[in-house]
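Engineer: Provided below are the primary sequence and the corresponding predicted coordinates.
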Amino acid sequence: MSKQILLIFTAIIFGSFNSFSNEIIEKDSSKSKTISFKIKLKSADKIKIVVSSLKYNKHFAYSFTLDDGYRSAYLTAFPLLNGGKISNSSINEWKIDQGGDGTTSEGLFYSDGMGNKIPFKLGLAINGASIRDLPENRGHLSWSEVKEMYNAGWDILNHSFHHFTKLGTNFLTEVTENTISIKQNLNFTMSHFVVPGGEGDPNYRYEYENNALENGHFSVASYTGVGPMLKVDSKVNLDKMITARTFVLSSKDTTNFKTMDRFLKTVDSIAKLPNPNWYNEFTHGTGNGNLWNLSMRFPDFKYYMTTLADKYGLKGNDSIWMAPWQEVYEYIWLRDRIKVDFQQKNKEITVTIQLPKIPEMFRNRDISLNIETRSKFEIESSNDLKIKNDGKTNHKLILIQL
């Protein structure tokens, strides 16, 4: 059964379903189901409920991916964003410095709009064949390092098993072997693919794109495609999405941050747009050395991310949803497929949400609701449904954790 037929069939089933329960009908989140809960207002004020364009009702989503699984991701980028000790200078096996400035970071954060701070998170596009524990000055990540970042909310994307691109490459094997490798070592299945760059037939990227999409991946980041900015104020066509990559790279000039300011100017122009958008950027290493001249030196990376946090994060206007590709993709996919209904009777509102069948590979299954009411409110739900809200403060937001 095709995906389109399945969605139509699901819609027909839901359309004929007229009675709802306060309990979750199906506990398996991979199956379609209906959930409901009640809102108790403090006053009989009229209420309006709509699905947020972006999680936490943020104004724009920003995803940043580090290609190739270089160790600088763990030594510098991860502690800078998540909080912790940034590595001192660390010369790797290629005689390149993948360390940082040796300082301790408090982390970079935005808020969930309900009084909780959330660290900036990135995505890692990795090649399973490169992940190893030795030598001590290795240039790539270890499995334990990847796992630690994954457990902290960073997403892991398929970047092929060996990073092969030249003529004669078995592109299907590169896609599937990397999927198997991550499943065996980290116990999850990757669902998004990033085409590796390199020398090869000019059309090799199409081989990767087709094989990735035909073998379970929902989207591919490639040389050309849609984006890197996507409008998300209405339904987004995510079916077999292929996006274009934009790289943030350090220049030869190390005396100031003019190059970074040019990249930041683009982000600022997107942040100022009236409607919500999703923007994606990439780089390779984030250590002191400009790895292969395709990376960001750590001072540039630190300046870049700290500027974003100070301007759009918790210390700024708090308009950014700084989340990796997979997390944003899954939110929009679910957002575009649920149906929210509510009925108000004086101070009590019954909210009913029809959910689609969610793919088992999905890691994120949360949904945000915008609430328009002048009244404070509380949520009444079953124990099976986790809901956060700001009903006693701003009374504007509900987060449902499926």
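Structural biologist: Thanks, I have the structure now. Numbering: from 1, shown residues only.
Engineer: tell me which stretches of the stretch 301-402 of the chain form strands.
Structural biologist: Ranges of strands in the stretch 301-402 of the chain, per DSSP state E, counting those that start in this stretch, are 320-322, 339-345, 348-355, 366-372, 377-380, 386-389, 397-401.
Engineer: can you add mean pLDDT, mean neighbour count and distance to residue 208 and give those strands back as JSON lines?
Structural biologist: C-betas here are computed from N, CA, C, even on glycine. Output for the strands of the stretch 301-402 of the chain, formatted as JSON lines (pLDDT from 0 to 100; neighbours: other C-beta atoms under 10 Å; distance: least, C-beta to C-beta, whole Å):
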{"stretch": "strand 320-322", "mean pLDDT": "98", "mean neighbour count": "26", "distance to residue 208": "27"}
{"stretch": "strand 339-345", "mean pLDDT": "96", "mean neighbour count": "13", "distance to residue 208": "36"}
{"stretch": "strand 348-355", "mean pLDDT": "96", "mean neighbour count": "20", "distance to residue 208": "33"}
{"stretch": "strand 366-372", "mean pLDDT": "97", "mean neighbour count": "18", "distance to residue 208": "31"}
{"stretch": "strand 377-380", "mean pLDDT": "95", "mean neighbour count": "16", "distance to residue 208": "45"}
{"stretch": "strand 386-389", "mean pLDDT": "94", "mean neighbour count": "17", "distance to residue 208": "38"}
{"stretch": "strand 397-401", "mean pLDDT": "96", "mean neighbour count": "20", "distance to residue 208": "34"}
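Engineer: in a markdown table: those, plus distance to residue 288.
Structural biologist: Putting the strands of the stretch 301-402 of the chain into a markdown table (distance: least, C-beta to C-beta, whole Å) gives the following:
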| stretch | distance to residue 288 |
| --- | --- |
| strand 320-322 | 24 |
| strand 339-345 | 49 |
| strand 348-355 | 47 |
| strand 366-372 | 37 |
| strand 377-380 | 49 |
| strand 386-389 | 40 |
| strand 397-401 | 39 |
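Engineer: look up how far residue 142 lies from residue 351.
Structural biologist: Distance, residue 351 to residue 142, using C-beta to C-beta, to the nearest Å: 45 Å.
Engineer: and for residue 247?
Structural biologist: Using C-beta to C-beta, residue 247 is found at 25 Å from residue 142.
Engineer: over to residue 78?
Structural biologist: Residue 78 is 13 Å from residue 142, where distance means C-beta to C-beta.
Engineer: cool, residue 233 as well?
Structural biologist: For residue 233 relative to residue 142 (C-beta to C-beta), the value is 41 Å.
Engineer: what ranges does the stretch 1-150 of the chain have for its helices?
Structural biologist: 3-15, 72, 78-82, 143-151 (DSSP state H, counting those that start in this stretch).
Engineer: least reliable of those helices going by mean pLDDT?
Structural biologist: When those are ranked by mean pLDDT, helix 3-15 comes last with a mean of 35.
Engineer: who's in contact with the residue nearest the centre of the chain?
Structural biologist: Centroid check for the chain by C-alpha atoms, centre = their mean gives residue 324 as the closest residue, at 2.6 Å. Taking C-beta atoms under 8 Å, 6 or more residues apart in numbering, we find residue 324 in contact with 63-65, 121-123, 153-155.
Engineer: for residue 225, same thing?
Structural biologist: 241-244.
Engineer: pretty sure residue 392 is touching residue 376, no?
Structural biologist: Yes. Contact criterion C-beta atoms under 8 Å: residue 392 and residue 376 qualify, at 5.4 Å.
Engineer: domain assignment for the protein?
Structural biologist: Per automatic domain parsing, the domain ranges recorded for the chain read 3-47+337-401, 62-324.
Engineer: which of the ones you listed has the highest mean neighbour count?
Structural biologist: Of these, the one with the most neighbours on average (mean count of other C-beta atoms under 10 Å) is domain 62-324, at a mean of 19.
Engineer: and the end-to-end length of that one?
Structural biologist: 8 Å (C-alpha to C-alpha, to the nearest Å).
Engineer: now swap in stretch 193-201 and tell me
Structural biologist: Distance across stretch 193-201, first residue to last, is 19 Å (C-alpha to C-alpha).
Engineer: contacting residues around that stretch?
Structural biologist: Contacts for stretch 193-201 (C-beta under 8 Å, 6+ apart): 65, 67-68, 125, 127, 157-160, 163-167, 169, 175, 205, 208-209, 212-213, 217, 219-223, 245, 282.
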